[in-house]
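Asks: Here is my input; please provide its structure:
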Amino acid sequence: MTNPTVRMARWSARHPWRAITGWLLFVALCLGAGITIGGNPAAGEDFWIGEAGRAEAIATEGGLQQKPVERVLIHTRPGTGALDQEQAAAAARDIGDRMRRLPEVASVAEPVPASDGSALRVDITMRGAELDGKKHVDALLAQTAAVQDAYPRLWLEEVGSPSISKGVEKLRGDDLARTEIIALPITLLTLLLVFSSIVMAVVPLLLALSSIIAAVGLSMIASHVFPDAGVGTNVILLIGLAVGVDYTLFYLKREREERLKADGSLSSQAVVELAAATSGRAVVVSGLAVAVSSATLFLADDVIFSSIATGAILVSLVAVLSSLTVLPALLATLGERAERRKARKAARAVARGRAPRVRRPRTGAGRLTAAVLRPTAKHPLATLAVATLAMVALALPVLNLNLTDMGRETHSRAIGAMQTYDRMTATYPELKAMHQVVVRADAERGAEVEGALRDLAGRAARSTAVSGPPVIRTSPDGRITMLEMAVPHFVSTDEARNSLEQVRGTHIPATVGALPGAEVAVTGDVARYADYPAHQKQKLPLIIGALLLVTFAMTVWAFRSVVLGLVGLALNLLSAFASLGLLVLVFQNEWAEGVLDFDSTGSIGSRVPLFLFVILFGLSMDYQVFVISRIREAAMNGTPTRQAILDGVGSSAGVVTSAAVVMVTVFASFASLHLIEMKQIGFSLAAAVLLDAFVIRVLILPSLMLLLGEWNWWPSRGMRRVRAGKSAGRQLENVG
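Replies: From the prediction side, this is the model:
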């Protein structure tokens with residue numbers, strides 16, 4: 001055979017130990033190269049989006065960029081009486097002296113008393129970039145703890161972007177470790193039920209884990225082209241475990257079927273080649289579909305989505321490579337051992353005067369699948385109508401979709417720093433958010449710019465939600481000026497958003513915006529929160545359009561059928577919208593908070609729908625390719641289209657169901673994470689896979705294909721020629 005997958009499988013099956021050793025060396029080289037070269041984490045400028053990003057670029061040009069800031073809150077524990085002002089002042093001086101001696105600290109501000117006298121606050125500005133603060137914050141936390149020990153009657157707490165980021169990172173790591181503890185045993189148990197063999201159950205898991213390790217190493221190298229936003233490893237684990245097990249499962253099931261059919265008449269190598277000629281091709285198409293679909297995320301022009309795309313592409317391609325190279329070697333080796341055991345058992349049976357036990361291959365649908373397909377075969381139109389209406393009903397909540405960026409206040413309170421953050425913002429409401437108006441103009445116009453900014457601050461104080469005295473800073477060369485105004489509301493509130501709209505839409509045009517030649521932009525917490533979802537909404541049509549195009553092209557290329565390409569698009573959209581509707585129903589409301597352990601924000605993370613659409617389109621191709629490949633294979637062998645559809649769906653239902661259970665287990669384990677956006681992603685993907693495997697592929701797809709009949713293959717001339725040849729052959733046999 002000239003099929004490349006068959007040639008690779010043939011070589012691997014005939015040289016198993018070379019293939020296994022080569023794979024282990026490949027994994028070790030990938031990881032070793034990644035560790036040696038090291039990763040390239042995204043810098044602050046990689047996250048700049050929209051007007052807020054433009055303002056931050058101007059501020060950075062003038063040296064006015066955001067710095068990592070930690071704040072120490074000095075107060076008393078509840079129920080211990082009023083704050084001792086002298087002790088608090090002494091503790092503040094001690095904090096300041098200690099912090100100034102640290103090389104990580106750039107400056108320490110004067111203590112700021114709370115308006116009600118209940119607390120004292122010390123602000124510490126760290127050296128370096130804002131995102132680097134979490135790497136060096138431990139030294140500051142240690143000094144705060146030392147002062148706490150020296151003043152036991154006071155309560156000293158430290159919080160800021162660095163300590164919160166460090167807490168989020170630690171919680172994410174702990175959560176991922178817990179998901180592995182949950183997902184791996186359940187995946188292994190599922191595979192044991194499928195194969196009734198410990199060895200055969202362990203093989204998919206080991207290949208998936210080795211693919212993940214190799215992809216992690218490669219992602220470190222790739223991060224020097226596409227900087228890692230900190231989510232790459234999460235995506236590799238999430239996608240890698242799902243597709244790695246699925247691809248191996250598809251291949252294993254087909255190899256087992258062919259081995260039982262051969263009943264010893266073919267060698268293990270020949271059986272592996274047969275599996276490669278069918279499921280091997282399906283695995284390649286599925287892996288390419290995930291990779292190509294994920295690549296559309298690069299169109300988002302966003303470092304986070306670039307990291308997601310890079311991780312998904314690498315791990316899916318590495319998983320395909322493992323299925324084409326080392327898996328045939330393992331199957332051939334295990335198959336030979338199985339055949340030897342079978343021969344020994346047969347010999348013992350004959351020696352004892354008993355007939356050898358013959359295991360017949362199970363063909364067709366199982367009992368449950370047959371029961372489901374029976375009404376579909378009899379009433380395809382009714383089945384299609386009922387199932388489609390049910391999916392549309394699930395999708396209806398999408399009409400109320402509310403997309404927002406997940407601000408800092410949405411982080412889990414399992415992070416100790418977030419509890420301190422709540423107490424800090426309750427005592428100092430002006431720390432909840434900030435507007436930063438950045439102006440670039442000629443240096444000689446500095447006084448004019450500053451006057452206009454003071455006018456802007458006065459207007460904002462009278463008409464928008466800002467508080468406290470405004471702060472104006474100017475770059476050393478006098479060209480760039482920044483106005484900072486505190487917003488005593490969290491970024492997700494209507495008050496904060498209205499304040500931003502007034503600053504951008506009313507106050508700036510009337511003040512600095514009217515200065516000729518001056519460039520003005522607004523950033524800050526509220527602006528970042530507003531601009532990110534707006535950027536995603538702007539990019540969404542482009543990405544969805546590209547996603548539809550590549551998915552359609554992949555399906556047409558795989559099956560030589562425009563009709564099946566359109567069917568694939570329609571079913572993928574139906575599945576995606578239904579799962580997104582479920583996501584809205586669960587997470588924008590409060591009824592499921594106790595079940596899934598979250599506090600509803602009344603919104604969906606702005607990254608979630610795009611991630612869901614892209615990844616789901618790729619993963620749905622797994623099932624679509626596998627199911628339609630079986631149907632097309634039967635049709636190419638001369639089986640009437642109607643029977644080919646029922647046989648193909650029936651024979652593939654078991655492996656699709658098993659693969660879906662594995663995927664749902666992996667994704668559902670992510671729904672247990674504390675971080676709300678990861679929880680939403682895990683839930684939506686788990687729901688999407690369930691709907692896709694148990695509704696789309698078992699009910700809607702077969703009923704739709706039954707109604708289409710021979711039109712399924714339009715305009716495939718190859719299918720017509722093959723079927724015409726088979727029909728002519730049968731007629732000649734009848735004549736003879």
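Asks: going forward, measure contacts between C-alpha atoms and count neighbours the same way
Replies: OK.
Asks: All the helices of the stretch 201-350 of the chain, in order from the start?
Replies: 232-262, 268-275, 281-295, 303-324, 326-351 (DSSP state H, counting those that start in this stretch).
Asks: now the fourth one and helix 232-262, what's the angle there?
Replies: Same thing as helix 303-324. 20 degrees (axes from the mean of the first three to the mean of the last three C-alpha atoms, to 10 degrees).
Asks: could you give the angle of helix 303-324 to helix 281-295?
Replies: Going by the same axes, to 10 degrees, helix 303-324 makes 170 degrees with helix 281-295.
Asks: got it, and the shortest one?
Replies: Using the same axes, to 10 degrees, the interaxial angle of helix 268-275 with respect to helix 281-295 works out to 50 degrees.
Asks: Centre-most residue in the chain?
Replies: V235 (5.0 Å; C-alpha atoms, centre = their mean).
Asks: and that one, what is it in contact with?
Replies: Counting by C-alpha atoms under 8 Å, 6 or more residues apart in numbering, V235 makes contact with I308, G311, A312.
Asks: ok, so of those residues, who is nearest A106?
Replies: I308 (34.5 Å; C-alpha to C-alpha).
Asks: Quick check: that closest one touching V231?
Replies: Yes - with contacts counted by C-alpha atoms under 8 Å, I308 reaches V231, the gap being 6.7 Å.
Asks: any low-confidence regions in the chain?
Replies: 1-2, 264, 338-339, 341-343, 346-347, 349-350, 352-353, 355-367, 407, 717-736 (pLDDT under 70).
Asks: can you give me the strands in it?
Replies: Counting by DSSP state E, the chain has strands at residues 69-75, 105-108, 112-113, 120-126, 155-160, 403-404, 433-440, 467-474, 480-487, 519-524, 604-605.
Asks: Now tabulate those in CSV and tack on distance to I95 and mean neighbour count.
Replies: Output for the strands of the chain, formatted as CSV (distance: least, C-alpha to C-alpha, whole Å; neighbours: other C-alpha atoms under 10 Å):
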stretch, distance to I95, mean neighbour count
strand 69-75, 8, 24
strand 105-108, 9, 19
strand 112-113, 13, 16
strand 120-126, 8, 23
strand 155-160, 10, 23
strand 403-404, 38, 20
strand 433-440, 25, 24
strand 467-474, 24, 15
strand 480-487, 25, 24
strand 519-524, 28, 23
strand 604-605, 38, 22
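Asks: export those strands to CSV and tack on distance to I35?
Replies: Formatted as CSV, those follow (distance: least, C-alpha to C-alpha, whole Å):
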stretch, distance to I35
strand 69-75, 31
strand 105-108, 30
strand 112-113, 45
strand 120-126, 29
strand 155-160, 31
strand 403-404, 36
strand 433-440, 39
strand 467-474, 42
strand 480-487, 41
strand 519-524, 36
strand 604-605, 32
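Asks: And those: which comes nearest G50?
Replies: Closest among the strands of the chain, using C-alpha to C-alpha: strand 519-524, at 9.4 Å.
Asks: List the buried residues of stretch 325-337.
Replies: T325, V326, L327, P328, A329, L330, L331, A332, T333, G335 (16 or more other C-alpha atoms under 10 Å).
Asks: Which parts of this protein belong to which domain?
Replies: Per automatic domain parsing, the structural domains of the chain span 1-38+197-353, 66-166, 366-400+560-736, 416-531.
Asks: So for L542, which of these sits nearest?
Replies: Nearest to L542 among these is domain 1-38+197-353 (7.5 Å), distances taken as C-alpha to C-alpha.
Asks: if we can go back for a sec, now for the strands of the chain, which one comes closest to V661?
Replies: Comparing these by C-alpha to C-alpha, strand 604-605 comes nearest, at 25.5 Å.
Asks: hmm, back to that, please dump the domains of the chain into a markdown table; it should also carry distance to Q538 for every row.
Replies: Below are the domains of the chain laid out as a markdown table (distance: least, C-alpha to C-alpha, whole Å):
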| stretch | distance to Q538 |
| --- | --- |
| domain 1-38+197-353 | 9 |
| domain 66-166 | 26 |
| domain 366-400+560-736 | 12 |
| domain 416-531 | 10 |
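Asks: returning to what we had before: any chance of a markdown table for the helices of the stretch 201-350 of the chain, columns distance to S600?
Replies: Below are the helices of the stretch 201-350 of the chain laid out as a markdown table (distance: least, C-alpha to C-alpha, whole Å):
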| stretch | distance to S600 |
| --- | --- |
| helix 232-262 | 23 |
| helix 268-275 | 48 |
| helix 281-295 | 29 |
| helix 303-324 | 23 |
| helix 326-351 | 44 |
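Asks: Check what contacts stretch 496-511 and list those residues.
Replies: 435, 452-453, 455-456, 459-460, 464-466, 487, 489-491, 514, 522, 526-527, 530.
Asks: Filter those residues down to the buried ones.
Replies: 435, 452-453, 455-456, 459-460, 464-466, 487, 489-491, 522, 526-527, 530.
Asks: In helices, which of the residues you listed fall?
Replies: Among the buried ones among the contacts of stretch 496-511, the members found in helices (DSSP state H) are A452, L453, D455, L456, R459, A460, V526, A527, A530.
Asks: Quickly name whichever of those is closest to A635.
Replies: Closest to A635, out of all of these and judged by C-alpha to C-alpha, is A530, at 53.2 Å.
Asks: Verify the stated contact: that closest one with M406.
Replies: No - counting by C-alpha under 8 Å, A530 does not reach M406; the two are 10.4 Å apart.
Asks: State the distance from the spatially closest residue to L314 that is not a sequence neighbour to V320.
Replies: Take L314 and drop its neighbours on the chain: the residue closest to it by C-alpha to C-alpha, 6 or more residues apart in numbering is A215, 5.6 Å away. Noted for A215: a distance of 12 Å to V320, by C-alpha to C-alpha, to the nearest Å.
Asks: Looking at the two, which is more packed in?
Replies: Each of A215 and V320 has its neighbours counted (other C-alpha atoms under 10 Å); A215 has more, 32 against 23.
Asks: What separation do you get for that one and M200?
Replies: Where M200 is concerned, A215 sits at a distance of 23 Å (C-alpha to C-alpha).
Asks: residues near the nearest residue to P68 once chain neighbours are set aside, how many?
Replies: Distance criterion C-alpha to C-alpha, 6+ apart; nearest residue to P68, sequence neighbours excluded, is E130 at 4.4 Å. Close neighbours of E130, defined as other C-alpha under 10 Å, add up to 18.
Asks: show me the residues around E130 that make contact.
Replies: E130 neighbours (C-alpha under 8 Å, 6+ apart): G44, Q66, K67, P68, P162.
Asks: Give me the contact list for stretch 172-183.
Replies: With C-alpha under 8 Å, 6+ apart as the criterion, stretch 172-183 contacts N234, T665, V666, S669, F670, S672, L673, H674, L675.
Asks: how about a cut-off of 7 Å?
Replies: T665, V666, S669, F670, L673 (C-alpha atoms under 7 Å, 6 or more residues apart in numbering).
Asks: Return the closest of those with respect to L193.
Replies: T665 (14.6 Å).
Asks: Who are the contact partners of that closest one?
Replies: So T665 contacts A183, T187 (C-alpha under 7 Å, 6+ apart).
Asks: what's the distance between it and V147?
Replies: Taking C-alpha to C-alpha, one finds T665 at 47 Å from V147.
Asks: Which residue, other than its chain neighbours, is closest to I35?
Replies: With C-alpha to C-alpha, 6+ apart as the criterion, I35 has its nearest non-adjacent residue at 6.8 Å, and that residue is G217.
Asks: didn't the one you found look like it was pressed against L31?
Replies: Yes - the pair G217 and L31 passes the contact test of C-alpha atoms under 7 Å, sitting 4.0 Å apart.
Asks: which one of these two has more residues nearby?
Replies: With neighbours defined as other C-alpha under 10 Å, G217 and L31 compare such that G217 has more, 25 against 22.
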